[in-house]
Every structure is written in C-alpha cells, then in structure tokens.
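[1] here is a sequence with its predicted model. Questions after.
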Amino acid sequence: MKWKLTIRKEVKVVSALLALSLLIAFSERKQGGTVCQDVLVELDNVHENHFLDEADILRLIERSGQAIKGVGLHRIDLKALEAKIMYDKHILDAELYGDLKGNLVVQVELRRPMARIIQEDAPDAYIAEDGTVMGVSEKYTSRVVLVSGPFVKRLLQAEDLTRLDEGQQLLAMIRYINEDRFWKAQIAQLDIDAKGRVTLYPQVTGQKVEFGTPDNMEEKFDKLRVFYKEILPQRGWTRYDRVNLEYEGQVIAE
C-alpha cells in the first residue's frame, strides 16, 4: 500500500512539472510571435529625484536606432537597449522584457544624489550614493551638501569616487554627514584643496572649519560636536573665524 501511495505522489509531481514546462513553453512561443504594441516605462524613484521622467526614457530608446513598435518582441535586442539606457549616469539599473500583451516593459531605477560638485569655470555635477559622478538636470535640483575646490577636477575625471583612494575617503565622509541629522543640518559645503585637505563651511555659524584629510573622521567630528555644543554657546556663535581639527586631541579656535 505504501508503495502504491509513493508512486501516486511521484506521478502527481511529474505531472505538475510537465504542466509547468508546457505553460512556459507556450508562453515563450506566444511571446516570440508577438509584435510589440507599445513601450511601458516603470520608473522606480522612491527618493523622488526627478532628474528623468518617462519621456526621457522613451527618447533614449528612440535614439538607440532600433525599430521597436511593430517589430516582433523576439527580434528586439534587449541587451543593446539596456546598454543605451544605462549610458545615462542618472540611471542605476534598467531591465527590459516583453509581456504577454505585446508590450515592451522598461523598468528603470534612478541614482540618488548625495552631494553637488560646484565649479566656477565648468558645469556642476552630482555625486551619487554609489560614488558615480553624474550631470545636473534642468528639471530638478537636489538640496544636498556642496563640494568645491581644486580637488573636484580629479573627481570629475575619475567619473567614480570609488576609483580613487581619496575619493573613497571623501565618499565615506559625505555618507557620514548625510546619515547624521546634526551634521546634515549643520554643514553646507566641503571645499577640498589640491592635496585633498577639507575645509567645512557651516550653515549658520560664520567660522570655517579646517578638517584636514578625511582620515580619523569620526574623532574629528566628535571634537567638532563638543566645540559646537559646549564651547560656542558659552563664548558666542560668531566669536571665532577659524577652527582647526587636524591635530590629535586638540581643537584650535581663533
């Protein structure tokens, strides 16, 4: 009896797998013979960074040189289209597929900016969460910390902060500022000289903060926090013009 029951269970499993295989094969055959009726763009933008919209994505597809509508879905080079879309640095990821209704579905995820590079002699740019340097947009301006100074030329040339040791340190520093409510509200700008030394400019207080290189970052921010919360309230918020954090265990204020 147990032997018969085991056979019946195995037959049911095999039948289910066979039915599933036939359904997948039918779906693939149907899709292969389906003509593309329309292009549907699904924009994943949970952070509401409106650098691109649906029309922008459709324009990228149109400029690919491929015929889309009226063409069999199986004849569309999806990998080439993905590469064309991903060429735009505002886009973190793109996935394309054809559905059973004959639509080409384009799922796009946008990058999130963390800082804005500003220059007097060249266009601005944004630094994304993953370190990618991407252009600004006429449609949208993100309120983020500003980054300036001679060192930004190297960042723009690298196109990705993770490609440089100094860039990785700077990226970690920007993340630290953005993830801390106090520093995100307090710090307006990071000015970086040619040697990678950082000067901070606060939102409210007038003094510049000579941070030095981003090494020992947490220790330096801890010293600055003590200075803001214990020293300035007693001595006056505008008393000092310059604060130096570069020396271990010291805060120099003038």
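    Looks like it came in fine.
[2] tell me the centre residue of this protein?
    Arg111 (3.2 Å; Cα atoms, centre = their mean).
[3] distance check, it against Ile231.
    39 Å (Cβ to Cβ, to the nearest Å). In short, each C-beta sits where N, CA and C put it, glycine included.
[4] now do Ile127 against Leu52, distance only.
    17 Å.
[5] these two - which one has more neighbours?
    Neighbour count, other Cβ atoms under 10 Å: between Ile127 and Leu52, Ile127 has more, with 26 against 22.
[6] pLDDT below threshold where in the stretch 151-254 of the chain?
    Applying pLDDT under 70 to the stretch 151-254 of the chain flags no residue at all.
[7] show me where the stretch 101-250 of the chain has strands.
    103-110, 113-117, 125-128, 133-135, 145-148, 187-192, 198-202, 208-212, 242-244 (DSSP state E, counting those that start in this stretch).
[8] what pairs with the fourth one, parallel or antiparallel?
    Next to strand 133-135 in the sheet, as set by DSSP bridges, lie strand 125-128 (antiparallel).
[9] then the first one?
    Under the criterion DSSP bridges, strand 103-110 sits next to strand 38-44 (parallel), strand 91-98 (antiparallel) in its sheet.
[10] export the shortest one as CSV, just CAs?
    Just to be clear, that refers to strand 38-44. What follows is strand 38-44, C-alpha atoms only, in CSV (Å, rounded to 0.1, in the frame of the first residue of the first chain):
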residue,chain,number,x,y,z
ASP,A,38,3.7,49.7,-27.0
VAL,A,39,6.5,50.6,-24.7
LEU,A,40,5.7,50.9,-21.0
VAL,A,41,8.1,52.7,-18.7
GLU,A,42,8.1,51.9,-15.0
LEU,A,43,10.2,54.4,-13.1
ASP,A,44,11.4,53.3,-9.7
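[11] contacts for that strand?
    For strand 38-44, contacts defined as Cβ atoms under 8 Å, 6 or more residues apart in numbering pick out 52-54, 57-58, 61, 68-69, 99, 102-110.
[12] pull out the buried residues from the helix or strand that comes right after it.
    Downstream of strand 38-44, the next assigned helix or strand under DSSP states H and E is helix 54-62. Neighbour counts using 16 or more other Cβ atoms under 10 Å place Asp56, Ile57, Leu60, Ile61 of helix 54-62 among the buried residues.
[13] from those residues, which is closest to Gln250?
    Asp56 (50.8 Å; Cβ to Cβ).
[14] and the gap between that closest one and Ala185?
    In terms of Cβ to Cβ, Asp56 sits 32 Å off from Ala185.
[15] and Glu230, by the same measure?
    Counting by Cβ to Cβ - Glu230 and Ala185 are separated by 18 Å.
[16] could you do Ile76 as well?
    Per Cβ to Cβ, Ile76 is found 48 Å from Ala185.
[17] between these two, which one's more packed in?
    Ile76 (18 against 12).
[18] which residues does that one contact?
    By Cβ under 8 Å, 6+ apart, the neighbours of Ile76 are Cys36, Gln66, Ile68, Gly98, Leu104.
[19] most widely separated two among these?
    Gln66 and Gly98 (13.5 Å).
[20] neighbour count winner among the two?
    More neighbours surround Gly98 than the other of Gln66 and Gly98, with 19 against 15 (other Cβ under 10 Å).
[21] neighbours of Pro233, how many?
    Counted with other Cβ under 10 Å, residues neighbouring Pro233 total 9.
[22] now Asp99
    Around Asp99 sit 13 other residues, with neighbours defined as other Cβ under 10 Å.
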